[in-house]
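>>> coords please:
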Amino acid sequence: MLNVGILGAGGIAALSHLPEIAAIDGMRVTHICGRRERRLRLLCQRFDVPRYSTSWASLLDDDHLHAVIVALPHPLHSEAGLAVLERGLHLFMQKPLCTTIAEANQLVAASEARAAQVVFCRPSFDGSVYEMRQQLASGAIGSVAGALARHSHGGPEIYYAEVADTFEEPRAEDDLWFYDAETAGGGALIDMGVYSIANLVALLGKVDFVTARMTTVDKPTALEDTATLIMEFANGALATAETSWCDPARSSYLRVHGTAGKLVLRGDVIDYIRPSSYEREWAEPLVDEIRPTPAPNQHEEWLRCIERGAQPALSNLWTARHIMEIMLAAVTSNETGARVAVHSDPRVI
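Sure thing, here's the model as predicted:
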């Protein structure tokens with residue numbers, strides 16, 4: 001049995017990590033750390049967690065732990081992740097990996113010095129992305145020319161309303177650290193855009209250059225609440241990644257276009273669309289539905305990697321660093337109006 005600690009007792013722990021771990025065999029949460037004792041007691045009762053503490057040191061010094069999940073606000077990810085690795089524990093990093101490329105490089109160096117410790121980095125990837133990767137590798141749509149991904153919602157206040165209700169607390173709509181430009185480490189791009197960028201990198205590989213525009217449409221912050229990136233891939237393809245906190249109707253889509261067809265993700269189904277004629281522009285295309293095999297949830301994937309002694313195939317630290325550099329390049333591009341180079345490489349294991 002793998003004993004897991006969680007650093008952070010907020011919404012992501014309550015709504016994602018704890019219920020997902022409760023649904024799989026071979027892993028259990030035995031220690032959770034946070035600032036609010038009421039929340040800690042509530043989570044321990046709901047998910048049968050035997051121990052809680054209010055200091056990182058207490059959790060990290062727990063000799064019964066084998067692994068730790070970092071589920072803290074974005075600016076604390078790097079410090080916490082390094083502390084976990086220094087304790088010799090397996091690590092699960094909530095997205096985004098960190099907020100600077102220097103932090104990302106520190107995490108990579110710390111991990112490479114401790115190769116036996118498995119580091120799982122969100123975003124995770126579902127069965128649809130793995131199926132689309134297989135289709136692209138088989139040449140199903142020919143040479144990839146372009147792709148489009150979007151992930152957006154109505155903003156942190158909607159998420160925090162659900163969190164407050166989960167903890168049976170009054171809603172504090174004026175206390176959202178996400179909007180604090182001095183401490184949040186970034187806006188909608190690192191919060192939500194990370195998903196669309198990660199899906200495109202998982203499908204198309206290394207990004208060489210980024211051009212981006214960002215704006216603040218509606219939210220009470222100096223940070224961007226809407227962003228669009230044009231990404232130039234090493235394989236010659238172009239892709240657009242979009243995100244926003246100003247989309248309460250929610251959008252999440254993924255499309256890849258090639259010289260012999262296209263793949264369009266539609267819910268849990270992939271539409272495989274091919275031309276019926278290369279000589280008639282308006283000929284109806286051929287459409288097949290592909291129903292991907294479901295992937296294990298992210299915690300089960302992490303557990304299986306630990307059991308094998310292998311780093312995750314896609315949700316690994318090197319790919320997370322590449323995604324982080326893409327987002328930082330987008331910020332620079334928006335500020336300067338320039339096309340910005342990306343130097344790191346993702347790693348598919």
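>>> And the helices in the stretch 1-150 of the chain, which stretches?
11-12, 18-22, 37-47, 56-60, 77-86, 101-112, 127-137 (DSSP state H, counting those that start in this stretch).
>>> Could you single out the most deeply buried of the ones you listed?
Most buried of these by mean neighbour count (mean count of other C-beta atoms under 10 Å) is helix 77-86; its value is a mean of 21. Backbone N, C-alpha and C define where each C-beta goes, glycine included.
>>> quick check: mean pLDDT across that helix?
Mean per-residue pLDDT for helix 77-86: 97.
>>> got it, and stretch 327-346?
Mean predicted confidence for stretch 327-346 is 97.
>>> And that stretch, what's buried?
327, 328, 329, 330, 331, 333, 334, 340, 342, 344, 346 (16 or more other C-beta atoms under 10 Å).
>>> from these, which two are the most distant?
334 and 346 (22.5 Å; C-beta to C-beta).
>>> Low-confidence stretches in the stretch 151-300 of the chain?
173-175 (pLDDT under 70).
>>> Burial check on residue 323, number of neighbours?
29 (other C-beta atoms under 10 Å).
>>> Point me to the helix or strand that includes it.
helix 317-336 (DSSP states H and E).
>>> Quick check: end-to-end length of stretch 177-194?
By C-alpha to C-alpha, to the nearest Å, the extent of stretch 177-194 from end to end equals 18 Å.
>>> got a list of contacts for it?
Residues outside stretch 177-194 that contact it (C-beta atoms under 8 Å, 6 or more residues apart in numbering) are 73-75, 95-96, 99, 123, 151-153, 156, 214, 216, 219-227, 229, 241-245, 323, 327, 330-331.
>>> Mark which of those residues are buried, thanks.
Listed as buried from the contacts of stretch 177-194 are 73-75, 95-96, 99, 123, 151-153, 156, 214, 216, 219, 221, 223-227, 229, 241-245, 323, 327, 330-331; burial here means 16+ other C-beta under 10 Å.
>>> Phi, psi for residue 261 please.
phi 160, psi -170 (degrees, to the nearest 10).
>>> Number of residues surrounding it?
Neighbours of residue 261 (other C-beta under 10 Å): 19.
>>> cool, and residue 275?
Count around residue 275 with other C-beta under 10 Å applied: 16.
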